[in-house]
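Asker: sequence and computational prediction follow.
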Amino acid sequence: MRKNLISGFTLTMLLALQSFTINAQDDKLSISGSLLTNQRLRMQYGNDWIWNENRLNLNLDKRVSNNTRFYSEIWLRNLGLPDISKTAHLYNKGIVDPLQWEIRQAWVRFDDVLTPGLDLTFGRQPIAWGTADRFNPTNTLDAADLEDLLDFGRRRATDALSLRYQLGSDFSLQGVVSPFFRPANLPVGVLSNALNPEFSLPAGMVIRQLSDTLILPRKNLKESLTAGARFKGFVSSVDFSVSYALGYEGIPFNTRNSISAVDFTGGVAVRSEASFLRTHTIGADMSTSIAGIGFWAEGALSIAAEDVVLRTDLSAFSIPLQEQILIAKSKPWFKFVVGGDYHFADGSYLNLQYLHGFLHERGPKELNDYFFVRYDKKFFNEKLTVSPVSGAVVIPDWNNIGTVYSWMYMPEVTWKVVPDAEVGVSTLFIDGKGAGMFSQLRDFDMMMIKLRYNF
């Protein structure tokens, strides 16, 4: 199981808060949260259980004074099924009953610092830029949390210092600095290969051994620091913002492969290196409502700080070093999303989105098109919600739409047992042809059951 560490930055913040969060009596500490169980089983090949998550989510919120607020979000959970392969594992409770804990957020905000309207926030905080629903190409400072690939748009908060200045009632300016680079965490479970690129070798070669090395940015301010600025406003019923971020692509690139022979039948050993790309991202977003219909649009232009070059070392075969430019510094790429939603008078709800470029797609030639749709209908005083239409279609190549595509269909029924508790049952069907994020997952149709209690 992945171990979550508290960064020194966040730990320092927590220690600094201890003296006045415990003693302050201005307001009571507010404790809220939820208890969630999320279970999935495969619909083919014996109905194996493929996802087991039981999570206690605790939110602590305290207004320490008129100008100071503390907030934290902590996860305590059991994730995964016991990986037991020998009797000795039964003596280890960490294997029999694996438990994780994670600080999702922990920050303090000081209002009206030095001058009215200037707010200072430090600690592990979400940098929630963007207006689109779940898919936010302008939000490049928060690391993508891809652990559960079906929880679209989930992000991890950033250890950062944020200054926000309110310019009148309709405009604000925000600056963010984070001393640490935090990469995305990749999917786990049966969907772990969904974002992996295809690995190609010269004809006649077959991989027998594979090893890899991940090269992180050096842990100093020059290489590890990420930062950004955002101007946000409201004009004529339109919310909008423009932003700039200096950061990294959270998913690494394969930048070097060294290939050597291990047998006489074409078997080879591959030693690969992967690293992270420094980027400049210029973003803009807007949202508004017209005749009760919500609209939003968001886009981000990413520019590589340097060329991304894949080097293939075939010197073991007396072949010169091969170089291939994957992304050129001179060729930026543009990801964007547009969408809208509407609440009908009969209690139903429709949400449509078009996305050009998913999180793992980089470079002007690698961006695919995604269409998302969800339709909900409520019954029995909104206690029962039926979602007969919910899913996505992926089009990698419009010139070969009949042979290269993938789709996902996920109908769901949710019953609100009491105001604070609900049960959801859904099924997931995936199919496709050719390359594409969902195509390689077409053998993993599943049934999902969720129970959530909020307190």
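Answerer: Thanks, I have it.
Asker: you'd agree Ala88 is in a strand?
Answerer: No. Assigned with DSSP: H, G, I helix; E, B strand; the rest coil, Ala88 falls outside any strand and is helix.
Asker: surely Gly130 touches Asn136?
Answerer: Yes. Assessed by C-beta atoms under 8 Å, Gly130 is found in contact with Asn136 at 3.0 Å. Where you see a C-beta, it was placed from the backbone N, CA and C, and this is true even at glycine.
Asker: partners of the strand or helix carrying Ser72 in the sheet?
Answerer: Using DSSP states H and E, Ser72 sits in strand 68-79. In the sheet, strand 68-79 lines up against strand 49-65 (antiparallel), strand 100-110 (antiparallel) (DSSP bridges).
Asker: which of those strands sits most buried?
Answerer: Highest mean neighbour count of those: strand 100-110, a mean of 18 (counted as mean count of other C-beta atoms under 10 Å).
Asker: pLDDT averaged over the helix or strand hosting Ser172 - what is it?
Answerer: Using DSSP H and E, Ser172 sits in strand 171-178. Strand 171-178 shows a mean pLDDT of 98 in the predicted model.
Asker: before we move on, what about stretch 272-282?
Answerer: 96.
Asker: also stretch 134-152?
Answerer: 94.
Asker: keeping just the C-alphas, turn that stretch into CSV.
Answerer: In CSV, the C-alpha atoms belonging to stretch 134-152 read as follows (Å, rounded to 0.1, in the frame of the first residue of the first chain):
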residue,chain,number,x,y,z
ARG,A,134,-14.6,18.0,-13.1
PHE,A,135,-12.3,18.5,-16.1
ASN,A,136,-10.2,21.7,-15.6
PRO,A,137,-7.2,22.1,-18.0
THR,A,138,-6.3,25.4,-16.2
ASN,A,139,-5.8,23.7,-12.9
THR,A,140,-2.2,22.6,-13.3
LEU,A,141,-0.9,23.3,-9.9
ASP,A,142,-3.0,20.7,-8.0
ALA,A,143,-1.6,17.3,-8.7
ALA,A,144,-4.0,14.9,-10.4
ASP,A,145,-5.3,12.1,-8.2
LEU,A,146,-5.8,9.3,-10.6
GLU,A,147,-5.9,6.5,-8.0
ASP,A,148,-9.6,5.8,-8.8
LEU,A,149,-9.9,6.5,-12.5
LEU,A,150,-13.7,6.5,-12.3
ASP,A,151,-13.6,9.4,-9.9
PHE,A,152,-13.1,11.9,-12.8
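Asker: can you list the buried residues in it?
Answerer: Buried residues in stretch 134-152, defined by neighbour count with 16 or more other C-beta atoms under 10 Å: 134-150.
Asker: in strands, which of those residues fall?
Answerer: Ala143, Ala144 (DSSP state E).
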